[in-house]
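>>> Could you work out the structure for the sequence below:
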Amino acid sequence: MQALAPAISVLMPVYNAERYVAGAVESILKQTFTDFEFIIINDGSTDRSLEILQRYAQQDNRIRLISRENHGLVKTLNEGLALAKAPLIARMDADDVAYPNRFAVQKDFLDKNPDCVCVGGRVRVIDEKGRFLIVADTKFGHDQVELSALQGITPICHPTALIKKASLEAVGNYHECDYPAEDLALFLNLSEQGKLDNVNEIILNYRIHNHSISTTKHEFQLKKMREICEKHWEKRGKQYDFLASVGRANNTRQSRFEITLKHGWWAFSNKQWKTATAYGFNSIILNPFNEGGWRLFICGLIKRPS
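Predicted coordinates:
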């Protein structure tokens, strides 16, 4: 007798994530909603990621672990989708941490809103050391979510997305030509199949660090996002303001200084004094002659703005 399909297929690609992957896996295995399969594809990692994943796969039979040579993110995502048995696809990244009620909250939302084909949620932004920086701005309601996407601002944090598989298949899943902005392209394509939304609840710790795709390929990513938006503007017969901007550092010292300072003030605005002070110190190291780093450092120490 054939086993019933799970309600959710969780899809997580992994590439050289040994530092964070255990936390990501455990956060999924500890979900209060338990009717899921966990498809993990090790995309040719050269670190200890596979060893860590094999240990978890031996402990929980919901994990379906695939390991092979590196094929890249988009091919890996589409490979996982082809393996998925459930009608709902939950994306997850190997360096993030899901809250225990994530799946329960999101599935309940989709059950109550059958015209919605994809739902995300609010996220806490953390850094590579796990320090809290800010709760990311989140749009709610299909109109605002779609408008954000059309303006080049990815409206759903990709590792929070819970998507109807039928809608993914209808748009041809992920497209390699859209990399490294495949998430923005996907959400715009899905918006033509049904409604998009976010739950008004924090469901994930979203990690930013210097090795993420959004950092290493940011300039090319911005160019690709503009190209994707222009294609959808033409389809809709309407011009929109393109609002995407540089949010991650490039290889220049000045860029690293500006982003470090920005993240430090995020921490300061959330009363993370020690974190703000640390970012201020790092800003001074990067550019000791700019008063911005000194101001952040001092404000963090005295716990009040200058």
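
>>> Could you use CA atoms for every contact and neighbour count after this?
OK.

>>> Going along the chain, name the helices of the stretch 201-306 of the chain.
Counting by DSSP state H, counting those that start in this stretch, the segments of the stretch 201-306 of the chain that form helices are 213-216, 218-236, 253-269, 273-286, 291-302.

>>> how about the second one: buried residues?
It refers to helix 218-236. His218, Glu219, Gln221, Leu222, Lys224, Met225, Arg226, Glu227, Ile228, Cys229, Glu230, His232 (16 or more other C-alpha atoms under 10 Å).

>>> List just the nearest of those residues to Gly280.
His218 (23.6 Å; C-alpha to C-alpha).

>>> my guess is Ala17 contacts Glu51, does it?
No: under the contact definition of C-alpha atoms under 8 Å, Ala17 does not touch Glu51, with a separation of 11.2 Å.

>>> Which of these two has more residues huddled nearby?
Under the criterion of other C-alpha atoms under 10 Å, the comparison of Ala17 against Glu51 puts Ala17 first, with 22 against 10.

>>> per the record, what domains does this protein have?
The record, using automatic domain parsing to delimit domains, assigns the chain the ranges 8-226, 253-302.

>>> between the ones you listed, which gets nearest to Tyr240?
Taking C-alpha to C-alpha, domain 8-226 is the member of the domains of the chain nearest to Tyr240, at 6.1 Å.

>>> How far off centre is that closest one?
The offset between the C-alpha centroid of domain 8-226 and the centroid of the whole chain comes to 6 Å, using C-alpha atoms, centre = their mean, to the nearest Å.

>>> Endpoint to endpoint, it covers what distance?
From the first residue to the last, domain 8-226 extends over 32 Å; the measure is C-alpha to C-alpha, to the nearest Å.

>>> still on that earlier bit, indicate which one of the helices of the stretch 201-306 of the chain is closest to Arg122.
Each of the helices of the stretch 201-306 of the chain was checked against Arg122 via C-alpha to C-alpha, and the shortest separation belongs to helix 253-269, namely 16.2 Å.

>>> what helices or strands is the strand or helix carrying Val74 leaning on?
With secondary structure defined by DSSP states H and E, Val74 is part of helix 73-83. With contacts defined as 3 or more C-alpha pairs under 8 Å, 6 or more residues apart in numbering; DSSP states H and E, helix 73-83 has these neighbours: strand 8-14, strand 36-43.

>>> Tell me the strands beside the longest one, with direction?
Take DSSP bridges as the rule and strand 36-43 pairs in its sheet with strand 8-14 (parallel), strand 63-68 (parallel).

>>> Skip ahead from that strand and say which helix or strand is next.
Following strand 36-43 toward the C-terminus (DSSP H and E): helix 49-59.

>>> next one: the first one
Stepping forward along the backbone from strand 8-14, the first helix or strand reached (DSSP H and E) is helix 21-29.

>>> Understood, closing this out.
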